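Asker: Output the structure for:
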Amino acid sequence: QVELVESGGGSVQPGASLRLSCAASKYARGCMGWFRQATGMEREGVAGIELNGSRSYANSVKGRFTISLDNAESILYLQMDSLKPEDTAMYYCASAAWRRGSCLYVSSYDYWGQGTQVTVSP
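Answerer: Numbering: from 1, shown residues only. From the prediction side, this is the model:
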């Protein structure tokens, strides 16, 4: 079992930045990623990172969000810049017990955090 604890969410204005953090109790053998779920919408992949450092991003966040992993501390980060109102959602950290599928697919993950809310509004 892996515990994931997110932090760093908040309410900001459009154009602002936030950095989300996810502390993992164990080192992931597969992907680690960030997902988000807006009210009434399905959970969607935002960014993922593989053990070899390869990163993937949803088209909607490319060039604005950056995922990174501190292997020594087992902390996953999501730097979010130029935030837009459509980025408003609950953001979840996820970890995979083994590598399978795209790091942006919900089905590729085994463990999930409780989420941290991000709200972007004027």
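Asker: all contacts plus neighbour counts: C-alpha atoms, from now on.
Answerer: Noted.
Asker: who's residue 37 bridged to?
Answerer: residue 90 (DSSP bridges).
Asker: didn't it look like it was pressed against residue 86?
Answerer: No. In this structure, residue 37 is not within contact of residue 86 by CA atoms under 8 Å, at 11.1 Å.
Asker: Distance-wise, check the residue most central in space within the chain relative to residue 46.
Answerer: Nearest to the geometric centre of the chain sits residue 34, at 1.7 Å (CA atoms, centre = their mean). Note on residue 34: its distance to residue 46, by CA to CA, to the nearest Å, is 6 Å.
Asker: Stretch 74-82: which residues count as buried?
Answerer: 74-78, 80-81 (16 or more other CA atoms under 10 Å).
Asker: and which of these is nearest residue 104?
Answerer: residue 78 (14.0 Å; CA to CA).
Asker: still on that earlier bit, in a markdown table, list the buried residues of stretch 74-82 along with pLDDT.
Answerer: Below are these laid out as a markdown table (pLDDT from 0 to 100):
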| residue | pLDDT |
| --- | --- |
| 74 | 88 |
| 75 | 94 |
| 76 | 96 |
| 77 | 97 |
| 78 | 98 |
| 80 | 98 |
| 81 | 98 |
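Asker: What is the nearest of the residues you listed to residue 50?
Answerer: Among the buried residues of stretch 74-82, and counting by CA to CA, the member closest to residue 50 is residue 76, at 11.5 Å.
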